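Novice: Whatever this is, show me its structure:
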Amino acid sequence: KAIAKNDLKSFWQHLIDEPVKEGNTNVQPTSNAMLYSQIGEKEKVLSNLELAFENHDENLPEINAEPTFDSIRNEIRFAEIVRKIGLK
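Specialist: As a prediction, the model looks like this:
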(Lines give C-alpha, C1' and ligand atoms only; values in the text may rest on other atoms or scores of the structure.)
Protein backbone atom coordinates (compact mmCIF):
# COMPACT_ATOMS: atom_id res chain seq x y z
CA LYS A 1 0.00 0.00 0.00
CA ALA A 2 2.83 2.40 0.88
CA ILE A 3 4.52 1.83 -2.47
CA ALA A 4 1.27 2.41 -4.31
CA LYS A 5 0.92 5.73 -2.47
CA ASN A 6 4.56 6.54 -3.29
CA ASP A 7 5.25 6.66 0.45
CA LEU A 8 8.50 4.75 0.66
CA LYS A 9 9.28 5.93 4.18
CA SER A 10 6.16 4.12 5.40
CA PHE A 11 7.22 1.06 3.43
CA TRP A 12 10.67 0.94 5.04
CA GLN A 13 9.20 1.64 8.48
CA HIS A 14 6.77 -1.23 7.99
CA LEU A 15 9.70 -3.56 7.23
CA ILE A 16 11.30 -2.47 10.51
CA ASP A 17 8.13 -2.76 12.60
CA GLU A 18 6.64 -5.98 11.21
CA PRO A 19 9.12 -8.47 12.75
CA VAL A 20 8.65 -6.80 16.15
CA LYS A 21 4.87 -7.10 15.88
CA GLU A 22 5.25 -10.76 14.96
CA GLY A 23 7.57 -11.37 17.90
CA ASN A 24 10.54 -12.13 15.67
CA THR A 25 13.66 -11.20 17.62
CA ASN A 26 16.06 -12.80 15.14
CA VAL A 27 16.48 -9.75 12.91
CA GLN A 28 20.16 -8.93 12.45
CA PRO A 29 21.12 -5.41 13.56
CA THR A 30 22.83 -4.81 10.21
CA SER A 31 19.50 -5.48 8.47
CA ASN A 32 17.76 -2.95 10.67
CA ALA A 33 20.59 -0.48 10.07
CA MET A 34 20.07 -0.80 6.33
CA LEU A 35 16.35 -0.19 6.71
CA TYR A 36 16.85 2.83 8.97
CA SER A 37 19.31 4.19 6.44
CA GLN A 38 16.56 4.14 3.82
CA ILE A 39 14.47 6.54 5.92
CA GLY A 40 17.36 8.76 6.99
CA GLU A 41 17.49 7.77 10.65
CA LYS A 42 21.26 8.17 11.10
CA GLU A 43 21.24 7.74 14.88
CA LYS A 44 19.32 4.47 14.61
CA VAL A 45 21.59 3.30 11.79
CA LEU A 46 24.68 3.89 13.90
CA SER A 47 23.12 2.40 17.04
CA ASN A 48 22.22 -0.76 15.14
CA LEU A 49 25.71 -1.02 13.65
CA GLU A 50 27.22 -0.67 17.12
CA LEU A 51 24.85 -3.38 18.34
CA ALA A 52 25.89 -5.52 15.39
CA PHE A 53 29.51 -5.16 16.49
CA GLU A 54 28.67 -6.09 20.09
CA ASN A 55 26.68 -9.12 18.92
CA HIS A 56 29.28 -10.26 16.37
CA ASP A 57 26.73 -9.94 13.56
CA GLU A 58 28.04 -12.02 10.66
CA ASN A 59 26.92 -9.40 8.13
CA LEU A 60 28.91 -6.58 9.67
CA PRO A 61 32.01 -6.91 7.45
CA GLU A 62 29.85 -6.02 4.43
CA ILE A 63 29.09 -2.50 5.68
CA ASN A 64 32.16 -0.96 4.10
CA ALA A 65 31.04 -2.04 0.61
CA GLU A 66 27.30 -1.52 1.11
CA PRO A 67 26.08 1.60 -0.79
CA THR A 68 23.18 1.94 1.65
CA PHE A 69 25.65 3.34 4.18
CA ASP A 70 27.16 5.98 1.88
CA SER A 71 25.30 8.73 3.73
CA ILE A 72 27.07 7.94 7.02
CA ARG A 73 30.58 7.08 5.85
CA ASN A 74 31.90 10.40 7.18
CA GLU A 75 30.40 9.86 10.62
CA ILE A 76 32.99 9.27 13.35
CA ARG A 77 30.99 6.39 14.84
CA PHE A 78 30.83 4.63 11.47
CA ALA A 79 34.58 5.03 10.97
CA GLU A 80 35.15 3.64 14.46
CA ILE A 81 33.07 0.54 13.73
CA VAL A 82 34.94 -0.01 10.47
CA ARG A 83 38.23 0.35 12.34
CA LYS A 84 37.16 -2.05 15.11
CA ILE A 85 36.32 -4.81 12.67
CA GLY A 86 39.60 -4.29 10.86
CA LEU A 87 38.36 -2.95 7.54
CA LYS A 88 40.50 0.21 7.69
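Novice: Just the terminal-to-terminal distance for stretch 14-28.
Specialist: Separation of the first and last residues of stretch 14-28 by CA to CA, to the nearest Å is 16 Å.
Novice: which residues make contact with that stretch from outside it?
Specialist: 2, 32, 35-36, 52, 57-59 (CB atoms under 8 Å, 6 or more residues apart in numbering). Yep, even glycine has a C-beta here, placed from its N, CA and C like the rest.
Novice: quick one: buried residues of that stretch?
Specialist: Within stretch 14-28, the residues that count as buried by 16 or more other CB atoms under 10 Å are 15-16, 28.
Novice: what do you get for stretch 32-44?
Specialist: Buried, per 16+ other CB under 10 Å, within stretch 32-44: 32-39, 41, 44.
Novice: what's the following helix or strand after whichever strand or helix holds E50?
Specialist: Taking DSSP states H and E as the criterion, E50 maps to helix 42-54. Going down the chain from helix 42-54, the next helix or strand is helix 76-84, by DSSP H and E.
Novice: so what does that next one touch, helix or strand wise?
Specialist: Packing partners of helix 76-84 (3 or more CB pairs under 8 Å, 6 or more residues apart in numbering; DSSP states H and E): helix 42-54.
Novice: so how far is the helix it packs on off the chain centroid?
Specialist: In terms of CA atoms, centre = their mean, to the nearest Å, the centre of helix 42-54 is found 7 Å from the chain centre.
Novice: by how many degrees do it and helix 76-84 diverge?
Specialist: Helix 42-54 and helix 76-84 meet at an angle of 20 degrees, taking axes from the mean of the first three to the mean of the last three CA atoms, to 10 degrees as the criterion.
Novice: Alright, I will stop here.
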